[in-house]
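Participant: The following comprises the amino acid sequence and a computationally predicted model.
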Amino acid sequence: MREKILCLSVLLAACMSSSAMAGNRGGFEGPGPDIVSVEQAGKMADDARVALRGHIVRSLGGDDYVFRDETGEITVEIPERRFAGQTIVPADTVEIHGKVDKDWSETEIDVKRIIKR
């Protein structure tokens with residue numbers, strides 16, 4: 001009897017964990033922040049939250065990349081974990097969400113999320 005209960009417990013735990021891992025991660029689905037252009041983002045205050053749509057066109061090494069839209073280019077800092085397993089090439093349109101990081105001589109975007117469109 002004890003073995004049957006143990007076996008049933010293991011089976012139940014396996015079913016619960018497999019349904020949780022089946023892609024049902026949950027979270028909010030709906031409108032996000034308004035999309036701004038690279039030109040607009042460059043004029044925003046330090047730490048302002050932004051969303052941009054365009055293309056990651058090249059790597060600058062490390063976590064730094066060049067992002068381009070129809071108004072210009074800006075450096076974006078994207079830690080590897082933010083790609084979340086996505087392979088992105090320059091032809092892909094992406095939406096990036098992050099924060100403006102203004103230095104005395106440069107403005108870049110610290111990317112928190114990438115959505116391949």
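Facilitator: Happy to help now that I have it. Residues are numbered from 1 along each chain as shown.

Participant: Which single strand of the chain contains the most residues?
Facilitator: Longest strand of the chain, by residue count under DSSP state E: strand 49-61.

Participant: If you count neighbours, what's buried in the helix or strand encompassing residue 76?
Facilitator: In the assignment (DSSP states H and E), residue 76 maps to strand 72-77. Neighbour counts over strand 72-77 (16 or more other C-beta atoms under 10 Å) mark 74, 76, 77 as buried. Placement of C-beta: from N, CA and C, glycine included.

Participant: next one: stretch 45-63
Facilitator: Neighbour counts over stretch 45-63 (16+ other C-beta under 10 Å) mark 50, 51, 52, 53, 54, 55, 56 as buried.

Participant: And the fourth one, how close does it get to residue 83?
Facilitator: Relative to residue 83, residue 53 is positioned 17 Å away (C-beta to C-beta, to the nearest Å).

Participant: which stretches of this structure form strands?
Facilitator: Taking DSSP E as the test, the strands found in the chain are 49-61, 64-69, 72-77, 94-102, 107-116.

Participant: Mind putting those into JSON lines with mean pLDDT?
Facilitator: What follows is those, written out as JSON lines (pLDDT from 0 to 100):
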{"stretch": "strand 49-61", "mean pLDDT": "97"}
{"stretch": "strand 64-69", "mean pLDDT": "98"}
{"stretch": "strand 72-77", "mean pLDDT": "98"}
{"stretch": "strand 94-102", "mean pLDDT": "97"}
{"stretch": "strand 107-116", "mean pLDDT": "96"}
